[in-house]
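S.K.: What would the 3D arrangement of this be:
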Amino acid sequence: MKPTILTSTKTNIFNYYLSILLMAFIESNIFEVLIHLIQQDQKVISSKAKVLIGELLDLSNRLLPVDYIIDLHALPKLFAIAVDFNDQQRHEATEAILHIDNLRKKKEKVVIVTTMDNKKIGRTQRQIEQVKLQMGMVMDDVHFRNLVNETQYTKDFSKWNWSAITELVNGPLLNPKRLEETLGSGLMKKLLLFYKPSNHQFSDIPLKTMNSTLYTEIGCNIMSLLMTNPEGVRLLTECGPFKQISEALGELTKASTSFPNSESSLNLFDERKLKTTLTSEYFNFIGVMTKTMEGNKILERNQIWTEIYKVINLKNRDDLLKILIQSLDYNLDYHPRVILITIMTSGSRNIRLFATKYMRQLLQERVQDISKWGMKYLVIQLYDIDLEVCKTAVRTLEEACNYSENLESVVALRPSLQHLGNIGNSLLLKFLTTSVGYNYLYELGYIEKCLTQWYEKINVLYTIQLELAIEKAFSYNGNSQISHLNINGYCNDPKNRNTLPIEKLEIPPHFYGELIKSKEGSDFLREKGHFKEFANYIRKYGMKNLNRKKLLKLKSILWAVGNIGSSKSGITFLLEEDIIKNIVEIAEKSKVLTLKGTSFYIIGMISKTSTGIEKLEEYGWNSPYLPFGKLNGICVPNHSSQFLNVIIIFSYMNNIIILAF
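M.R.: Numbers count the residues shown, from 1 in each chain. Sure, this is the predicted structure:
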């Protein structure tokens, strides 16, 4: 069953900025100017103009409503030049149209790939394997024998035909009948001997050799194939590399205990060899075996697991442990999980941090039952003695809790986050989104306390920190960077040096926005009457001249309302109070630019639900149409003048000056 996603992706503020910028560009007739530049004799300028048109059209597709982009894509002037055989620039115009069309096709391909989830990708891979299998089935005996002979498997592996071996392993040998035939020849045994460490063939190949990746892929595929056949399992046990791998690991641990200061350069897994040769790929072979229980048992018979448990305790070999962690498969409830957990909870500070970060990748891959075993040990990491490990665990859990089964597992463990202070608040906010999490936090007295804090103080702090981040992000200095925005219930330390590109500036979680997502939280907020107070404040002060304190409070209320209105359960609050029209009025008519900008962001947040979009359409605002009915939280006025026209009134020498832009 597909996991239930509880929350949508965070809103990217940079996209709001781009949408307004695009509107301004269109209003300024930028496409007409670029079309003029395309016709210039200077190839460099002409080429750059073509690229810019294509990129602007692509951005418009994603960030502007259909009404804006229909006329843009027509590019009437460009097409008129392209079909005018008397125009000398006809060739340039035609070339530009082709370039734009090619760019569109490339972008569409990227969208198709990125929208495929892991199950779809897996299904596609299985279909490819099925095609390969069918190709192997239909290959006649003569063609098959010729292909085997073409491999030229002699003692000297450098003379082997690796292209033929690749075709054989990835095609005909997927057919059990063909695999059976090959096991009777010397080919498979010869290949296994190539990978045996004592033969110094595969193990001594430099890491940067041209075919190094190919050698590893073929080795992994051969071992996967042999696991499907009883005779193949026997051959793998007798001739495979695993006994010698086990011995090398054993020698490594003995050397560290008996001769701690001796040179270990002769060992297969010496640090220098791991960096310069293909010996590190032996862990990938171990990883292939861990995908099946039969493979795990072969490793067990060769004492691999016994030696790996000893290696875990080696000092100063984090390099080895990192390779090991990334190589194993964790879908079976077996040794690999125990090894990862042991390293994650008892290794050095650096390896604990690395293993905790790697859990994020396993979560994204949706490893089997990770919502049970993975969540348990990530919660344990919350109590690590190193603060950075704790922070990493919090961030990983926060992302994991976007899925209901992960969130339920974490809440069931009833973690205490008080020792983390503000760091743990972002995770606690995630708990608010479900009934189970809400009830847990309510029992702790967290909700009542946190609501009071946000109402009295944190709502304003949230606004200040967000505005500072936005200001810093858009203050161009040649290399604009921003502090990582993760409010954590309050906000990050302004001295935080972690930076992100401005494209990553996202609206952080807000207590009111998370509270509203569960029925219990929604009822609690309604009972407290805070939203009604917010709506009344907007109606009363939205269009008035305010002092600094009241203006800041108004903006903080707008952010609270926007976060509430960004969810299906919260939009009903806005409709009941009929407050959307007031927010639109502020965006369109306010003379205070920061207030105008804040309202624009809030309108975007309201457009994250279909109900919000429908209501905004009544006031002349619209959202882009995206594939699969996806909503990106971008909403712009039907006419740019609704928002972009700004009137500034000021006094100069006793005269009132009015400037309109």
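
S.K.: going forward, measure contacts and count neighbours with C-alpha atoms only.
M.R.: Noted.

S.K.: Quick check, central residue of the protein?
M.R.: Among the residues of the chain, the one closest to the centroid is Gln364, at 8.2 Å (Cα atoms, centre = their mean).

S.K.: So it versus Ser371, what's the distance?
M.R.: The gap separating Gln364 from Ser371 is 11 Å, by Cα to Cα, to the nearest Å.

S.K.: Okay, now the unreliable bits of the stretch 351-500 of the chain?
M.R.: Residues of the stretch 351-500 of the chain meeting the criterion pLDDT under 70: 475-500.

S.K.: And for the stretch 551-661 of the chain?
M.R.: Residue ranges of the stretch 551-661 of the chain with pLDDT under 70: 627-629, 647-661.

S.K.: What are the boundaries of the strands in it?
M.R.: For the stretch 551-661 of the chain, the strands defined by DSSP state E, counting those that start in this stretch occupy 621-622, 636-637, 647-652, 655-660.

S.K.: what's the answer for the stretch 301-450 of the chain, then?
M.R.: In the stretch 301-450 of the chain, no strands are defined using DSSP E, counting those that start in this stretch.

S.K.: Which stretches in it count as helices?
M.R.: Secondary structure of the stretch 301-450 of the chain by DSSP state H, counting those that start in this stretch: the helices cover 304-311, 318-327, 335-346, 349-364, 370-381, 387-400, 404-412, 425-431, 435-444, 446-453.

S.K.: The last one: which residues count as buried?
M.R.: By neighbour count on 16 or more other Cα atoms under 10 Å, the buried set for helix 446-453 is Ile447, Cys450, Leu451.

S.K.: Wait, a strand at Gln152?
M.R.: No - counting by DSSP: H, G, I helix; E, B strand; the rest coil, Gln152 is not part of a strand but coil.

S.K.: Would you mind measuring from it to Lys190?
M.R.: Distance of Gln152 to Lys190, computed by Cα to Cα: 11 Å.

S.K.: can you check Phe534 too?
M.R.: Taking Cα to Cα, one finds Phe534 at 77 Å from Lys190.

S.K.: These two: which is more packed in?
M.R.: More crowded of Phe534 and Lys190, by other Cα atoms under 10 Å: Phe534, with 20 against 16.

S.K.: Can you tell me, leaving aside adjacent residues, what's nearest to that one?
M.R.: Ile557 (6.0 Å; Cα to Cα, 6 or more residues apart in numbering).

S.K.: how about the residue nearest to the centre of the chain, what does it touch?
M.R.: If you count contacts by Cα atoms under 8 Å, 6 or more residues apart in numbering, Gln364 has none.

S.K.: what ranges of the stretch 101-250 of the chain fall below the confidence cut-off?
M.R.: Checking the stretch 101-250 of the chain against pLDDT under 70 turns up 101-138, 155.

S.K.: again, 50 this time
M.R.: 109-119, 121 (pLDDT under 50).

S.K.: so the closest residue to Ile564 other than its chain neighbours is in which element?
M.R.: Nearest residue to Ile564 in three dimensions, chain neighbours excluded: Gly513, at 4.4 Å (Cα to Cα, 6+ apart). Taking DSSP states H and E as the definition, Gly513 sits inside helix 511-515.

S.K.: So which residues make contact with the following helix or strand past that helix?
M.R.: Counting by DSSP H and E, the next helix or strand C-terminal to helix 511-515 is helix 519-528. Helix 519-528 is contacted from outside by Leu432, Thr433, Ser435, Tyr438, Leu515, Ile516, Phe531, Ser569, Gly570, using Cα under 8 Å, 6+ apart.
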